[in-house]
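> Predicted model and sequence below, questions to follow.
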Amino acid sequence: MMKKYPTLGCCGLDCGLCPSYYTVGSSRCPGCCGKNFFNKHPSCSFITCCVKKRGLEVCAHCGEFPCKKFDNATEGPDFKTTSQKIMENQNYIQSSGITRFLEQQVERMKALQVMLEFYNDGRSKTFYCLAATLLSLKSLQAALTKAGQEITNQSIRENDMKSKGKILKGILHKFSQEENEVLKMRKK
């Protein structure tokens, strides 16, 4: 059983913006109900209810949304994305539709792919995934433009990922402060 859009978790997570989705090799996550998902992941109560029992793409399409499953989901692991974006995404899908949500998600994924390909020093994938999830699309695009300009102005070599990444991360941090977001894992 597969969903039509595995980059969007039925629970509302942005699977297409997760570090595990961009892992190379056998540990790569295929997204929510993507190819070989059930061979790699333990059972998920959201998938069982939403996809298997009701045949829905996302919980926002359910007449019982939000149900009690979301009481615990918003307490999530260490990432702020888990606790905040689940409900934001579901509510956006309810109000604007899944097509509009996915259009924005595709643009976020494009921005993330640029960050990973041209600015990743080998240690920044999680940071960039978090930025792509939490910051506004406008800020992501502006950050990439500004970073490109600064790299050109400073004559930084194309293969100097450390310097390029430092510039982009600094810009992303500034945008995160403006948007009152925190681009790091929370401490327990």
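All right, it came through fine.

> Hmm, Pro30 and Thr23 touching each other?
No - using Cβ atoms under 8 Å, Thr23 makes no contact with Pro30, being 10.6 Å away. Using the backbone N, CA and C atoms, a C-beta is placed for each residue, glycine as well.

> Between the two, which is the more surrounded one?
A direct count of neighbours by other Cβ atoms under 10 Å for Thr23 and Pro30 places Pro30 higher, at 19 against 12.

> Excluding chain neighbours, what is closest to the more buried one?
Distances taken as Cβ to Cβ, 6 or more residues apart in numbering put Phe37 closest to Pro30, at 5.2 Å, once the chain neighbours are dropped.

> and the one you found, how many residues sit next to it?
By the criterion of other Cβ under 10 Å, Phe37 has 19 neighbours.

> all helices of the chain, in order?
For the chain, applying DSSP state H gives helices covering 37-40, 45-47, 69-73, 80-96, 98-118, 125-134, 137-153, 161-178.

> And the residue lying closest to Leu137 once chain neighbours are set aside, how far from Val114?
Nearest residue to Leu137, sequence neighbours excluded (Cβ to Cβ, 6+ apart): Glu107, at 5.5 Å. For Glu107, the distance to Val114 equals 11 Å [Cβ to Cβ, to the nearest Å].

> Next, the buried residues of stretch 104-119.
105, 108-109, 111-112, 114-116, 118-119 (16 or more other Cβ atoms under 10 Å).

> Same check on stretch 15-34?
Here stretch 15-34 shows 15-19, 21-22, 29-34 as buried, counting by 16+ other Cβ under 10 Å.

> any low-confidence regions in this structure?
The model of the chain has pLDDT under 70 over residues 1, 72-83, 184-188.

> And it, what are its domain boundaries?
Domain segmentation of the chain under automatic domain parsing yields 1-96, 103-188.

> and the first one, how far out from the chain's middle?
Average the C-alpha atoms of domain 1-96, do the same for its chain, and the two points are 11 Å apart (Cα atoms, centre = their mean, to the nearest Å).

> one step back: my guess is the residue nearest to Pro30 contacts Gly9, does it?
No - Phe37 is not in contact with Gly9 according to Cβ under 8 Å; the separation is 10.7 Å.

> list residues touching both of these two?
Gly31 (Cβ atoms under 8 Å, 6 or more residues apart in numbering).

> Distance check, the closest residue to Cys44 other than its chain neighbours against Thr99.
Residue nearest to Cys44 in three dimensions, not counting chain neighbours: Cys11, with 7.8 Å by Cβ to Cβ, 6+ apart. For Cys11, the distance to Thr99 (Cβ to Cβ) stands at 19 Å.
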